[in-house]
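Trainee: Return a 3D structure for these sequence lines:
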Amino acid sequence: MKNERPWKIGEVFPAVNWPNNLCSSGTAVLMLGLIAAFRVRVIIEIGTWMGFTSQVLGYGLRAMGGGTLISCDYVQNCCDKSKAMLEGVEGVTHRVICNYSDRVNWPAELAAVGETQACLVYVDGDHSYDGALKDMLLTAPVVRPGGLMVCHDYNHVRPEFANATRAIDDFTKECRWPRIVTPFLPSCNEIGAAVLQRPSAS
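Mentor: Below is the predicted model:
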């Protein structure tokens, strides 16, 4: 509803002392809910921009007792902001990669933090068709069976997201990953997100 009061993170995880500047959008509530429901411990984030989602993911891991976040962006300023957002957060290992995502050896990056698979991949990087599809195809092999891929900006209405949306649809068809939910995010100007799940047998 247009007049609905925005979600507040403190209402979702009231026991956590959230920073005052933490993003309180629908994206944050979605990600915190997925981290809790699927007991997520290892996350790969593609595209950091201002670092707010990095902060949401990191504090979500902390709320679950800790974990590992690997963030990737090719813009140095974005990498610096992502790193700054999680400085001093106890229990969270945060590795920041400043590079194009298709140049990253994901198995090697996971191994560098003592992991072999990701529980969740958050894709919000290159919004071109080829770029978005490449991000999904290159990270899909390191997602654990039953793990999640969350693709931001999934929207069949707004034309600026048409290419990324088509890439997400084609990925689900090609790789046969079911889309378990496509939530409407009320605080994000009606931007959506597709939540995909790797089949347990794949």
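Trainee: now the strands for this protein?
Mentor: Secondary structure of the chain, counting by DSSP state E: strands at 42-46, 67-73, 92-98, 118-123, 143-152, 179-181, 193-197.
Trainee: Can I get the ones you listed in CSV including distance to residue 104 and mean pLDDT?
Mentor: Where C-beta positions appear, they are placed from N, C-alpha and C, glycine not excepted. Converted to CSV, those look like this (distance: least, CB to CB, whole Å; pLDDT from 0 to 100):
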stretch, distance to residue 104, mean pLDDT
strand 42-46, 9, 98
strand 67-73, 6, 98
strand 92-98, 6, 97
strand 118-123, 12, 98
strand 143-152, 15, 96
strand 179-181, 25, 84
strand 193-197, 20, 93
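Trainee: Let's have the ones you listed in JSON lines, adding mean neighbour count.
Mentor: JSON lines is the format used below for the strands of the chain (neighbours: other CB atoms under 10 Å):
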{"stretch": "strand 42-46", "mean neighbour count": "27"}
{"stretch": "strand 67-73", "mean neighbour count": "25"}
{"stretch": "strand 92-98", "mean neighbour count": "19"}
{"stretch": "strand 118-123", "mean neighbour count": "26"}
{"stretch": "strand 143-152", "mean neighbour count": "21"}
{"stretch": "strand 179-181", "mean neighbour count": "13"}
{"stretch": "strand 193-197", "mean neighbour count": "22"}
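Trainee: would you list the ones you listed in a markdown table and tack on distance to residue 84?
Mentor: Output for the strands of the chain, formatted as a markdown table (distance: least, CB to CB, whole Å):
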| stretch | distance to residue 84 |
| --- | --- |
| strand 42-46 | 15 |
| strand 67-73 | 12 |
| strand 92-98 | 10 |
| strand 118-123 | 19 |
| strand 143-152 | 21 |
| strand 179-181 | 31 |
| strand 193-197 | 25 |
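Trainee: Please identify which of the ones you listed is closest to residue 59.
Mentor: Each of the strands of the chain has some distance to residue 59 by CB to CB; the shortest is strand 92-98, at 8.0 Å.
Trainee: List the neighbouring strands of that closest one plus their orientation.
Mentor: On the basis of DSSP bridges, the sheet neighbours of strand 92-98 come out as strand 67-73 (parallel).
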